[in-house]
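Asks: 3D model of this:
(one chain, ligands or ions: 1)
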Amino acid sequence: MPHEIFHYKTWNDIELTAGRLGISLPHSDDLAVLNTPLKIGAFTAHNRIALQPMEGTDGTETGSPGELTVRRYLRFAEGGAGLIWFEAVATAPEVRASAHQLMLTQENLDAFKRLAEQIKEAGLKKNGFAPVIVMQATNSGRYSKPHGYPEPLIAYSNPLFEDTPLPQNCILTDDQLKMYEERFGETARLAQTAGFDGMDVKCCHRYLACELLSAYTRPGAYGGSFENRIRFLLNAYRAAKANITGDFFLTSRLNVYDGFSYPYGFGVAPNSGLAPRLDEAKCLVGILRSEMDIPIINVTAGNPYKNPHVNRPYDHGNYVPDEHPLVGVDRMMRCVSEIQHCFPDLPVIGSAFSYLRQFAPYLAAGMVAQGSCAMAGFGRMAFADPGFPNKILSGQTLDAPCVTCGGCAKLLRAGSPAGCIVRDRQFYSLEALK
Ligand SMILES: Cc1cc2nc3c(=O)[nH]c(=O)nc-3n(C[C@H](O)[C@H](O)[C@H](O)COP(=O)(O)O)c2cc1C
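Replies: Okay, here's the model as predicted:
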C-alpha cells in the first residue's frame, strides 16, 4: 500500500505520525550542538555535519575527476560541512560500478591531488577551515558495470538477487579475493599521496566486502563462520595499513544491517526474520577499533537496488515499499544509536537524515545531543542544496531541501552524471535518459 507523501508543517506533525506508527524520533531545537568540533584521530572536524559519499558518475573514462566532479566538490567544500566522505572510488578497472566511476591510479594521481587541494582551499577560503576528507575505496563486486552493462563478480549465489544462478565464473575464487584485498593497499598509498586525510575500506550496500559479511553459504576460507566472513575486510585493511604512514587513517562505511533475512543478510539472526540483530556488527566494529585503529565509523544499512527504502527513505520512486519512510528513518537511527552507545568513545556518523527535509537538522541535533551519534551524515541533501550545512550552522531554515524524488538515483543507475533534478536542473535532468 503506498504510504502518505511528506506533508509535515511542524515537528509536531511528524511526532503525531511517528506516534501513530509507534516510533519516536530524537529531536532538539538547539542546533548549537552541531556547531562543535570533533576530533577524528589527528584531525579535527570543525562541526558535526558530514557529507555522505555520493557517486556522481561523472569521471572520465580513465577514472579521473571530470568537470562536474570538480563542480560538485567545490560546492560541497564551500557548503561548510566539517567532513566530506568522498564518493566510491574503484580499486581496479573491472570492479568499477560504471564506465564513469572514479578510479584512482598512478597515472591520474595528479588530478586527484589537485581536486583534494581545491577542496581544502575552497573550504578554507569560504569558511575559514578545511573539511576533513575521507576517500571511499570500493570493489563493486556484484554491481560491477565497468563497460556500462552488468559484469557481476559475486561472493556467493543468492536467490534473492538472481532469478537464475549466475555462471560459476562470476563467483570469485579465494585467490581472486586475495588479489582484490591487495588492491586496497595500492589505493591507500595513492589516496594518502593525493592528500586525502583517510580512506574508507567500503563495506556497505552489498558491494563486495559487504556481500562477504553474509556469505554464510560460501564454502572455504571466506564463508561460513564470522571469522571467515570478515576475512576479506580485515585483509584489505592490513594491505592498506602496510602502505600508509603518519596521521592518515583508515575507516569503513559499514552496513550493520542488510535488511534481508538469514542466510542472505548481515545484521539479522537465524530466527530474527527481518529484525536487526547487531551483535556481529558490534563485534566487527570492536575488531576494527582495536586492531585497525579506526578513529571513526560511518554506519549505514540496506541495499540501494533491492530495498532502497532501508538506506534512503523516500516518498517517490519506481519501487514503492510497504513501509512508511519514518519507519525507515527510525530503524536507521536506532541502528546508528546502538553502535554509538556500544562504543561511546568512537565517533559514529549516522546516515539517512535527508528524508526529513527542513526538519532534518532537529533530528541531527537530537541524535548528537543524546550521544546517539557524533556526526550527522547527509547524502541527497547535499545534491539538492550544497550550502545546507552553513544554513544549519547559522540558524537559517533549509529552504531548498531534498524532496526525496529519487531522480539522482535514477541518473546514477542509468550511468549518467548524478545530481539534483529539482534544484540543479540546468545541470541534471531525466530528459537525458530518454
Ligand atoms: C546518487 C547516489 C549516489 C550514492 N553513492 C554512494 C557512494 O558512492 N557510497 C556510499 O556509501 N553511498 C552512496 N549513496 C548512499 C548515500 O551516501 C546515503 O547513504 C543515502 O542517500 C541516504 O542518506 P540521505 O537520506 O541523507 O540521502 C548514494 C546515494 C545516491 C542517491
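
Asks: what are the phi and psi angles of Thr138?
Replies: phi -130, psi 150 (degrees, to the nearest 10).

Asks: show me where pLDDT drops low in the chain?
Replies: 1-4, 317-319 (pLDDT under 70).

Asks: Residue numbers of it in contact with the ligand?
Replies: Residues of the chain lying near the ligand by C-beta under 6 Å from any ligand atom: 52-55, 87-88, 136, 204-205, 253, 300, 311-312, 351-355, 378-381, 408-409, 412, 418. C-beta here means a position set from N, CA and C on the backbone, and glycine is covered the same way.

Asks: Sort out for me which of those are in helices.
Replies: Residues of the residues of the chain next to the ligand located in helices (DSSP state H): 311, 380-381, 408-409, 412.

Asks: Let's see if you can find the most crowded of those.
Replies: Compared across these, Met381 has the highest neighbour count, 29 neighbours, by other C-beta atoms under 10 Å.

Asks: if we can go back for a sec, buried among the residues of the chain next to the ligand? Make that a ChimeraX selection.
Replies: ChimeraX command restricting these to the buried ones, with burial defined by 16 or more other C-beta atoms under 10 Å:
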select :52,53,54,55,87,88,136,204,205,253,300,311,312,351,352,353,354,355,378,379,380,381,408,409,412,418
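
Asks: buried residues in stretch 149-159?
Replies: Within stretch 149-159, the residues that count as buried by 16+ other C-beta under 10 Å are 152-156, 158.

Asks: centre of the chain versus that stretch, how much separation?
Replies: Offset of stretch 149-159 from its chain centre (C-alpha atoms, centre = their mean, to the nearest Å): 21 Å.

Asks: Same question for stretch 35-52.
Replies: Worked out by C-alpha atoms, centre = their mean, stretch 35-52 lies 17 Å from the chain centre.

Asks: Can you show me the CA trace of it as PDB?
Replies: What follows is stretch 35-52, C-alpha atoms only, in PDB (Å, rounded to 0.1, in the frame of the first residue of the first chain):
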ATOM      1  CA  ASN A  35      28.500  23.600  15.700                       C
ATOM      2  CA  THR A  36      31.000  22.000  17.900                       C
ATOM      3  CA  PRO A  37      34.400  20.400  16.800                       C
ATOM      4  CA  LEU A  38      35.100  16.700  16.800                       C
ATOM      5  CA  LYS A  39      38.500  15.000  17.000                       C
ATOM      6  CA  ILE A  40      39.000  12.300  14.400                       C
ATOM      7  CA  GLY A  41      42.400  10.700  15.000                       C
ATOM      8  CA  ALA A  42      44.900  13.500  14.400                       C
ATOM      9  CA  PHE A  43      42.300  15.600  12.600                       C
ATOM     10  CA  THR A  44      39.500  17.900  13.800                       C
ATOM     11  CA  ALA A  45      36.200  18.300  12.000                       C
ATOM     12  CA  HIS A  46      35.000  21.800  12.600                       C
ATOM     13  CA  ASN A  47      31.400  20.800  13.100                       C
ATOM     14  CA  ARG A  48      29.200  17.800  13.400                       C
ATOM     15  CA  ILE A  49      27.800  17.800   9.800                       C
ATOM     16  CA  ALA A  50      29.300  15.200   7.400                       C
ATOM     17  CA  LEU A  51      28.500  14.800   3.700                       C
ATOM     18  CA  GLN A  52      27.900  11.100   2.900                       C
END
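
Asks: buried set for it?
Replies: Quick answer for stretch 35-52 (16+ other C-beta under 10 Å): 35, 38, 40-41, 43, 45-52.

Asks: Would you map the helices across the stretch 251-400 of the chain?
Replies: Taking DSSP state H, counting those that start in this stretch to define them, one finds helices in the stretch 251-400 of the chain at 279-292, 308-311, 325-342, 360-369, 380-384, 388-393.

Asks: between these, which gets nearest to Lys9?
Replies: helix 360-369 (13.7 Å; C-beta to C-beta).

Asks: Show me what the closest one is packed up against.
Replies: In terms of contacts (3 or more C-beta pairs under 8 Å, 6 or more residues apart in numbering; DSSP states H and E), helix 360-369 is packed against helix 325-342, strand 375-378.

Asks: right, and Gly302 touches Phe260 too?
Replies: No. If you go by C-beta atoms under 8 Å, Gly302 and Phe260 don't touch, sitting 9.3 Å apart.

Asks: ok, residues contacting the longest helix anywhere in the chain?
Replies: For the chain, the helix that runs over the most residues, judged by DSSP H, is helix 174-194. Helix 174-194 has contacts (C-beta atoms under 8 Å, 6 or more residues apart in numbering) with 89, 91-92, 95, 104-106, 109, 112-113, 115-116, 135, 137, 139, 153, 172, 199, 201, 208, 212, 220-222, 232, 235-245, 248, 250.
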